[in-house]
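Undergrad: Fold the following and give me the result.
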Amino acid sequence: MSSLLHEVLVLLFRNRPDLAPELLRRVFKVELPPFAEVRIASADLSEAVPREQRADLIILLVDGKPVLAIVLEIQLSRDPDKLTSWPGYLVGARARYNCPVYLLVLCTDEAVARWCAKPIELGHPGFVLRPLVLGPNAVPIVTEPEQAAAMPELSVLSAIAHGKGEHGFAIAVAALAAAQGLDVERATLYDDLVLFWLNEAARSKLEEFMERGRYEYQSEIVRRHVAQGRVEGRVEGRVEGRAEGRAEGRAEGRAEAKAQDVLTVLDARGLPVSQELRQRILGCSDLAMLDCWLRRSVVIANSEELLHDH
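TA: The predicted structure follows:
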């Protein structure tokens, strides 16, 4: 799991390097200098510092020349060696690009984030490194489809950080809708990642209206890690349990649950629902019709379109 998480987090920033300055601006209120483009730079800083130094990623803001460098580090556990290497990364990047440098540390565990955020005293008066640490609680919760479409990688990061919580379903709906506008390779990977880190209840709802029964991972990265059997075994067990529950449950209960799912999707997408429409949805006992409405709720522009035939 750790290897997969580290790999995909780096990949998100590599696919969209402007995600790093956006997080600096949004979360840490950093005033960014004017820039014309954002580039991925070599993460090997051994030429600038006389020992091997390799950060996870270095992102440059460029306006004719580098105006800001962001050293990105994915930190999933405590590592005392980073108290030495992180200052070296900043010194190396400063020497190479001759511009201001920020250290952005991304953690998926709050305890690790608190450890990483501790000041690093370098000895010289006033020379103290205070890493900018983005823990899971600081990652924006992206549930608005427009925001997710503008930066799909941020919506995937939101799913990784918050997919197990109460906002998991709304985040997933927005992220999966945003992925539809991407190339096939990225869309497939992002779909897998969102489903992989989703809580069980939300995943069950998504699998049902996606008409897949059990979601099969398509991207090589996720399939490689699922192939070990641990994750896939848990998923299969959950699906079998849901199948048994549906066989034993009453049709009335299934209809009520699906009706609530329709309303949840509409609410997650920010589409107002009139009282009349809400009553119509909750009063429907036709499972096939509810399935149709559930799929339609993901793509319509206005909630009143839900009942219209296309």
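
Undergrad: give me phi/psi at the residue in the chain sticking out farthest from the centre?
TA: Distance from the centre of the chain peaks at residue 125, with 39.3 Å (C-alpha atoms, centre = their mean). As for residue 125, its main-chain torsions (degrees, to the nearest 10) stand at phi -50, psi 130.

Undergrad: where do the helices sit along the stretch 1-150 of the chain?
TA: 2-15, 19-28, 82-97, 110-116, 145-150 (DSSP state H, counting those that start in this stretch).

Undergrad: Next, format these as TSV and append mean pLDDT and mean neighbour count.
TA: No exception for glycine: its C-beta is placed from N, CA and C like everyone else's. Formatted as TSV, the helices of the stretch 1-150 of the chain follow (pLDDT from 0 to 100; neighbours: other C-beta atoms under 10 Å):
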stretch	mean pLDDT	mean neighbour count
helix 2-15	87	17
helix 19-28	97	18
helix 82-97	94	19
helix 110-116	96	17
helix 145-150	92	16
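
Undergrad: Of these, which is nearest residue 56?
TA: Set against residue 56 and scored by C-beta to C-beta, the helices of the stretch 1-150 of the chain come closest in helix 2-15, at 5.3 Å.

Undergrad: and the angle from that closest one to helix 19-28?
TA: Counting by axes from the mean of the first three to the mean of the last three C-alpha atoms, to 10 degrees, helix 2-15 lies at 100 degrees to helix 19-28.

Undergrad: which other residues reach helix 2-15?
TA: 19-20, 40, 56-57, 59, 72, 74, 76-77, 106, 108, 153, 156-157, 160, 186, 189, 193, 221-222, 225 (C-beta atoms under 8 Å, 6 or more residues apart in numbering).

Undergrad: Narrow those residues to just the buried residues.
TA: Buried members of the contacts of helix 2-15, scored by 16 or more other C-beta atoms under 10 Å, are 19-20, 56-57, 59, 72, 74, 76, 106, 108, 153, 156-157, 160, 186, 189, 193, 221-222, 225.

Undergrad: picking that back up, reformat the helices of the stretch 1-150 of the chain as JSON lines; add distance to residue 178.
TA: Conversion of those to JSON lines gives the following (distance: least, C-beta to C-beta, whole Å):
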{"stretch": "helix 2-15", "distance to residue 178": "13"}
{"stretch": "helix 19-28", "distance to residue 178": "13"}
{"stretch": "helix 82-97", "distance to residue 178": "32"}
{"stretch": "helix 110-116", "distance to residue 178": "26"}
{"stretch": "helix 145-150", "distance to residue 178": "4"}
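
Undergrad: ok, now which ones touch the nearest residue to residue 290 once chain neighbours are set aside?
TA: Once flanking residues are discounted, residue 290 sits nearest to residue 258: 4.0 Å by C-beta to C-beta, 6 or more residues apart in numbering. Contacts for residue 258 (C-beta under 8 Å, 6+ apart) come out as 208, 287, 290-291, 294.

Undergrad: Go through these and name the one nearest residue 147.
TA: Among the contacts of residue 258, residue 294 lies closest to residue 147 (C-beta to C-beta), at 22.8 Å.

Undergrad: Tell me the spacing between that closest one and residue 18.
TA: Going from residue 294 to residue 18 by C-beta to C-beta, to the nearest Å gives 34 Å.

Undergrad: Which one's more surrounded, these two?
TA: When residue 294 and residue 18 are compared for neighbours, residue 294 comes out ahead with 22 against 15, by other C-beta atoms under 10 Å.

Undergrad: The more buried one falls within a strand, correct?
TA: No: read with DSSP: H, G, I helix; E, B strand; the rest coil, residue 294 is helix and lies in no strand.

Undergrad: I'd say it and residue 263 touch.
TA: No: Residue 294 is not in contact with residue 263 according to C-beta atoms under 8 Å; the separation is 10.0 Å.

Undergrad: Where does the prediction get shaky in the stretch 201-310 of the chain?
TA: 209-253, 309-310 (pLDDT under 70).

Undergrad: quick one: the helices in it?
TA: Using DSSP H, counting those that start in this stretch, the helices of the stretch 201-310 of the chain run over residues 220-226, 230-248, 251-268, 275-282, 287-297.

Undergrad: Please compute how far the third one lies from its chain's middle.
TA: If you compare the mean C-alpha spot of helix 251-268 with that of the full chain, they lie 25 Å apart, counting by C-alpha atoms, centre = their mean, to the nearest Å.
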